[in-house]
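*Asks:* Give me coordinates for this.
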Amino acid sequence: MQRLYDFIRRHPTGVDCFWAVVLFGFSWVGQTPRVDRPVAYGVIAALFSLVVALRRRAPEKMLLLAVALGVVQLGFGLMPFVADFAMLVIIFTVAAHDGPRWASRLALVGGLSASTLSQIRWPMAGPGSDAAKVFFTIIMTVPFALAWVLGDSLRTRRAYFAQLEERASRLEQEREAQAKVAVAAERARIARELHDVVAHNVSVMVVQADGAAYVMDSSPETAKQALETISTTGRQALAEMRRLLGILRTGEHQEAGEYVPQPDVGQIEDLVEQVRGAGLTVDFAIEGSPRPLPSGVELTAYRIVQEALTNTRKHGGPDVGASVRLVYFDDGLGLLVEDDGRGAPQEMYEDGGADGRGHGLIGMRERVGMVGGTLDAGPRPGGGFRISALLPLKPAH
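*Replies:* Numbers count the residues shown, from 1 in each chain. Take a look at the predicted model:
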């Protein structure tokens, strides 16, 4: 049965041709003795069979052909016979077909008027009241109306399921796109965190290692302090790396409880002390009344100061000095980090620079944008570099 069903679905026109032949054959069963014009009836039956055979390949054309045949049948007085069943078939087909609406309306009007026109052309024989004739006409109209209603319902149902499939496909595409955006955003966040951790701490370790190598023979005590700073900075870098990589190791034994908290504004002073210990002169000041801030703003402020001081150490040159200002406003936190060094070439702050340099400034802009703030970075009049940021307490909508 399944094979037969599949064959029927693959060959709809062949199935329609089979039923057209059946309709043509039934049109002559018991009709010959009382048919006075067999040629005319034969032509009409053949054309109605053609309507059934091609109803799915050209529904609008077959509807017009059926209407024309009905008019001819009325005009030449050819009484209704079995082949007229094709009218029901084409009305159903046109109503179910997703074609022009004029065809569906024409099929409905033709179906509702067919019985009335037939009753006018061939009145009921024998005694009967006008009410009985009207009732008979209504009864004969019902099949045509049902054919159109069933076809239109099938068309509506197909359109509804097609809309559901399209919506499901669109939602699936949107979910995939959102997943890709989420993955890209998470990768960018991890890249920013890794850059901040590695660039800052490794920069401190390199400076201290160079200083220790320089004074190893002349001042062993100073070299020892530099090595201790390298060790402390390395441990801090490992702790931050462990915290960062913890998001990729959820639930691994007891490591989840070993990750340190996210840096905040309160740790900026410790950061400044660490940078001072590495040999950079930093002036640090806080203006306004300190108060709790959103965690995203706290982390962004810390990372901006960290990256700015790292760039100062890398590009500021010898005897460079820096200043860090935190200003608490009613609606946000202001940051100002300046240095009086020679600075880096401007191209290092554009498009990443050479060898990946300049990504820190790009990361700053991304961080500030995530919390709805503004960032201004560029050379300072008189030499040096300035980074100014305003971080709102509430993210912009």
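*Asks:* what about the residue positioned nearest the centre of the chain, which helix or strand?
*Replies:* The centre of the chain sits closest to Glu174, judged by C-alpha atoms, centre = their mean, with a distance of 2.3 Å. Assigned by DSSP states H and E, Glu174 belongs to helix 130-215.
*Asks:* what's the next helix or strand after that helix packed up against?
*Replies:* Counting by DSSP H and E, the next helix or strand C-terminal to helix 130-215 is helix 220-245. Where contact means 3 or more C-beta pairs under 8 Å, 6 or more residues apart in numbering; DSSP states H and E, helix 220-245 is packed against helix 130-215. Glycine gets a C-beta too; all of them are placed from N, C-alpha and C.
*Asks:* and the angle for the helix it packs on with helix 220-245?
*Replies:* Using axes from the mean of the first three to the mean of the last three C-alpha atoms, to 10 degrees, one finds that helix 130-215 and helix 220-245 are set 170 degrees apart in direction.
*Asks:* And helix 130-215, how far out from the chain middle?
*Replies:* The chain centre lies 4 Å from the centre of helix 130-215; the measure is C-alpha atoms, centre = their mean, to the nearest Å.
*Asks:* now do stretch 11-26
*Replies:* From the chain centre to the centre of stretch 11-26 is a distance of 47 Å (C-alpha atoms, centre = their mean).
*Asks:* Report pLDDT for Ala301.
*Replies:* Looking at Ala301, its pLDDT is 90.
*Asks:* nearest spatial neighbour of it, skipping sequence neighbours?
*Replies:* Spatial nearest neighbour of Ala301, excluding adjacent residues (C-beta to C-beta, 6 or more residues apart in numbering): Val265 at 5.2 Å.
*Asks:* And the helices in this protein?
*Replies:* Under the criterion DSSP state H, helices of the chain are mapped to 2-10, 12-26, 38-53, 59-75, 85-96, 101-121, 130-215, 220-245, 268-277, 295-315, 359-370.
*Asks:* Any chance of CSV for the ones you listed, columns distance to Val337?
*Replies:* Putting the helices of the chain into CSV (distance: least, C-beta to C-beta, whole Å) gives the following:
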stretch, distance to Val337
helix 2-10, 73
helix 12-26, 75
helix 38-53, 84
helix 59-75, 75
helix 85-96, 72
helix 101-121, 69
helix 130-215, 13
helix 220-245, 20
helix 268-277, 10
helix 295-315, 4
helix 359-370, 10
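*Asks:* Quick one: low-confidence residue ranges for the stretch 251-397 of the chain.
*Replies:* Applying pLDDT under 70 to the stretch 251-397 of the chain flags residues 251-261, 342-359, 394-397.
*Asks:* do the same with the stretch 51-200 of the chain
*Replies:* Ranges of the stretch 51-200 of the chain meeting pLDDT under 70: 125-129, 196-197, 199-200.
*Asks:* that older thread, by contact count, what packs against the helix holding Glu174?
*Replies:* Applying 3+ C-beta pairs under 8 Å, 6+ apart, one finds that helix 130-215 makes contact with helix 85-96, helix 101-121, helix 220-245, helix 295-315, helix 359-370.
*Asks:* How much space separates the residue nearest to Ala301 from Glu193?
*Replies:* Val265 sits 17 Å away from Glu193, going by C-beta to C-beta, to the nearest Å.
*Asks:* Wait, Asn311 touches Gly384, no?
*Replies:* No: counting by C-beta atoms under 8 Å, Asn311 stays clear of Gly384, with 11.1 Å between them.
*Asks:* Share the number of residues neighbouring Met331, please.
*Replies:* That one is not Met; residue 331 is Asp. A count of nearby residues for Asp331, using other C-beta atoms under 10 Å, gives 8.
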